[in-house]
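Novice: sequence and predicted structure below; questions after.
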Amino acid sequence: MEETQFLKVLFKMYQIDAYEYIYFLAILPVFWLAFILMLRWKRKTQVKFASLELLEVLSPNRSKFKPGLKMIFLSFAITLLVLGLMNPKIGTQLETVKREGVDIVFAIDVSKSMLAEDIAPNRLEKSKRLVSAILNQLTSDRVGIIAYAAQAIPQLPITTDYSAAKMFLQALNTEMLSSQGTALDSAIDLSGTFFDDEDQTNRVIFLISDGEDHSEDASSAASRAAAMGIKIFTLGVGTEAGAPIPIKRNNVVESYKKDFDGEVVITKRNQEILEAIANATNGQYQDGNDTQAVLEFASEQLKAMDKKEFEAKKFVSYKDRFQPFLIAALLFLIIDLFLFETKTKWVQKLNLFNENEK
């Protein structure tokens with residue numbers, strides 16, 4: 001647990017002031033493509049006038065590797081300039097602040113059935129948007145995230161850092177777990193381990209799923225959660241009519257998932273099992289297809305709960321750290337500027353790149 005707390009503080013210690021500048025790095029592949037095309041054009045043009053052997057005689061000091069080395073230095077310079085523009089900041093003053101809230105764990109289904117598009121754009125994206133919207137209206141509650149399919153895996157331990165929560169949330173996808181299925185019991189049991197404060201009286205799990213459970217222990221897992229004082233609110237995404245599971249390549253549907261008999265699988269929302277889980281913990285079920293209804297439901301339930309006061313570490317002062325990146329970028333640009341494409345005498349004597357071989 002001490003290691004987890006250390007990682008939380010370390011993560012909060014750094015900030016990026018302007019993430020949007022990272023898109024400038026997209027010019028690097030363009031530069032490299034232009035560089036490669038230019039080299040090919042130069043070779044074709046030179047061959048038209050003389051053979052390679054004659055070119056070696058006419059230009060004995062031409063270096064073969066320095067053009068590429070100059071391009072590498074230029075790439076480093078551009079990367080460092082972009083990082084400087086993003087203005088990394090480091091926390092310089094850490095304070096302990098008191099907050100009041102409840103502990104919330106978001107358990108999100110990432111099984112293949114969540115790719116069904118009966119809810120736009122699909123069930124998984126809808127689930128992620130629901131959680132993000134709930135996070136937007138939280139103020140001082142602690143949150144954690146897990147993902148589950150046939151098994152459950154932790155994504156983010158309990159924290160008050162909502163920006164980190166959103167970052168981990170966006171990274172969720174159906175390829176995270178190789179074993180497929182939906183084991184709601186594993187999700188509930190793992191969520192129960194996230195509550196690290198024994199004095200916290202209000203522990204909440206928001207379980208987001210289509211309810212297609214492939215285990216038989218969800219009810220008993222819910223009973224275990226209830227015994228720990230955990231209340232589960234279930235959000236059902238998808239429709240009872242169901243939809244096929246698309247198999248896509250480059251965002252284009254190639255086919256649909258089929259069973260062993262070759263029939264297209266239709267995945268349907270199982271509202272009954274989600275209601276049973278919620279009722280076992282004195283929680284409630286909510287239709288997750290209506291975002292506004294979910295937000296009102298979450299707000300109403302959380303406001304009705306007693307808030308526990310707890311202490312949290314927070315950096316209240318940050319210092320800009322763009323200077324080292326700009327200095328390093330300038331250094332690489334200077335090296336690139338004074339690095340000529342002719343052979344270096346002392347390097348030529350060492351023959352490190354076999355340039356003296358004929």
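Specialist: Yes, it's here. Numbering: from 1, shown residues only.
Novice: now do the helices in the stretch 151-300 of the chain.
Specialist: Secondary structure of the stretch 151-300 of the chain by DSSP state H, counting those that start in this stretch: the helices cover 162-170, 184-192, 218-227, 271-280, 291-303.
Novice: so which of those helices is the most surrounded?
Specialist: Comparing those by mean neighbour count (mean count of other C-beta atoms under 10 Å), helix 184-192 ranks first with a mean of 24. For every residue, glycine as well, the C-beta is placed using N, CA and C.
Novice: list the contacts of it.
Specialist: Residues outside helix 184-192 that contact it (C-beta atoms under 8 Å, 6 or more residues apart in numbering) are 105, 107, 109, 144, 146, 148, 150-154, 205, 207, 209, 211, 213, 215, 217-218, 220-222, 224-225, 228, 230, 232, 273, 277.
Novice: what mean pLDDT does it get?
Specialist: Averaging pLDDT along helix 184-192 yields 92.
Novice: just want the angle from it to helix 271-280.
Specialist: 30 degrees (axes from the mean of the first three to the mean of the last three C-alpha atoms, to 10 degrees).
Novice: now the angle between helix 218-227 and helix 184-192, please.
Specialist: Counting by the same axes, to 10 degrees, helix 184-192 lies at 20 degrees to helix 218-227.
Novice: rewinding a little: tabulate the helices of the stretch 151-300 of the chain (JSON lines), appending distance to residue 263.
Specialist: Formatted as JSON lines, the helices of the stretch 151-300 of the chain follow (distance: least, C-beta to C-beta, whole Å):
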{"stretch": "helix 162-170", "distance to residue 263": "34"}
{"stretch": "helix 184-192", "distance to residue 263": "25"}
{"stretch": "helix 218-227", "distance to residue 263": "26"}
{"stretch": "helix 271-280", "distance to residue 263": "23"}
{"stretch": "helix 291-303", "distance to residue 263": "33"}
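Novice: alpha carbons of stretch 25-40, as CSV, please.
Specialist: What follows is stretch 25-40, C-alpha atoms only, in CSV (Å, rounded to 0.1, in the frame of the first residue of the first chain):
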residue,chain,number,x,y,z
LEU,A,25,5.4,15.4,-33.5
ALA,A,26,3.4,14.2,-36.5
ILE,A,27,5.8,16.2,-38.7
LEU,A,28,8.6,13.7,-37.9
PRO,A,29,7.3,10.9,-40.1
VAL,A,30,6.8,13.5,-42.9
PHE,A,31,10.4,14.7,-42.5
TRP,A,32,11.8,11.2,-42.6
LEU,A,33,9.6,10.2,-45.6
ALA,A,34,10.8,13.3,-47.5
PHE,A,35,14.4,12.5,-46.5
ILE,A,36,14.2,9.0,-47.8
LEU,A,37,12.6,10.1,-51.0
MET,A,38,15.3,12.8,-51.5
LEU,A,39,18.1,10.2,-51.0
ARG,A,40,16.4,7.9,-53.6
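Novice: for that stretch, list every residue counted as buried.
Specialist: Using 16 or more other C-beta atoms under 10 Å as the test for burial, stretch 25-40 gives residue 35.
Novice: distance from that stretch to the middle of the chain?
Specialist: Relative to its parent chain, stretch 25-40 has a centroid offset of 28 Å by C-alpha atoms, centre = their mean, to the nearest Å.
Novice: tell me the mean pLDDT for that stretch?
Specialist: In the prediction, stretch 25-40 has an average pLDDT of 90.
Novice: same check, this time on stretch 79-93
Specialist: For stretch 79-93, the mean pLDDT works out to 82.
Novice: same check on stretch 249-258?
Specialist: Rounded mean pLDDT across stretch 249-258 is 86.
Novice: may I see the buried residues of it?
Specialist: residue 257.
Novice: between the two ends of that stretch, how far is it?
Specialist: One end of stretch 249-258 sits 17 Å from the other (C-alpha to C-alpha, to the nearest Å).
Novice: which of the contacts of helix 184-192 count as buried?
Specialist: Buried among these (16+ other C-beta under 10 Å): 105, 107, 109, 144, 146, 148, 152, 205, 207, 209, 211, 213, 217-218, 221-222, 224-225, 230, 232, 273, 277.
Novice: my guess is residue 211 contacts residue 278, does it?
Specialist: No - counting by C-beta atoms under 8 Å, residue 211 does not reach residue 278; the two are 11.0 Å apart.
Novice: okay, and the common contacts of the two?
Specialist: residue 234.
Novice: for the stretch 201-350 of the chain, which segments count as strands?
Specialist: 203-209, 230-236, 243-244, 246-249, 252-256, 266-267, 285-287, 308-320 (DSSP state E, counting those that start in this stretch).
Novice: neighbours of the residue nearest to residue 229 when sequence neighbours are not counted, just the number please.
Specialist: Nearest residue to residue 229, sequence neighbours excluded (C-beta to C-beta, 6 or more residues apart in numbering): residue 203, at 5.8 Å. The local packing of residue 203 (other C-beta atoms under 10 Å) involves 22 other residues.
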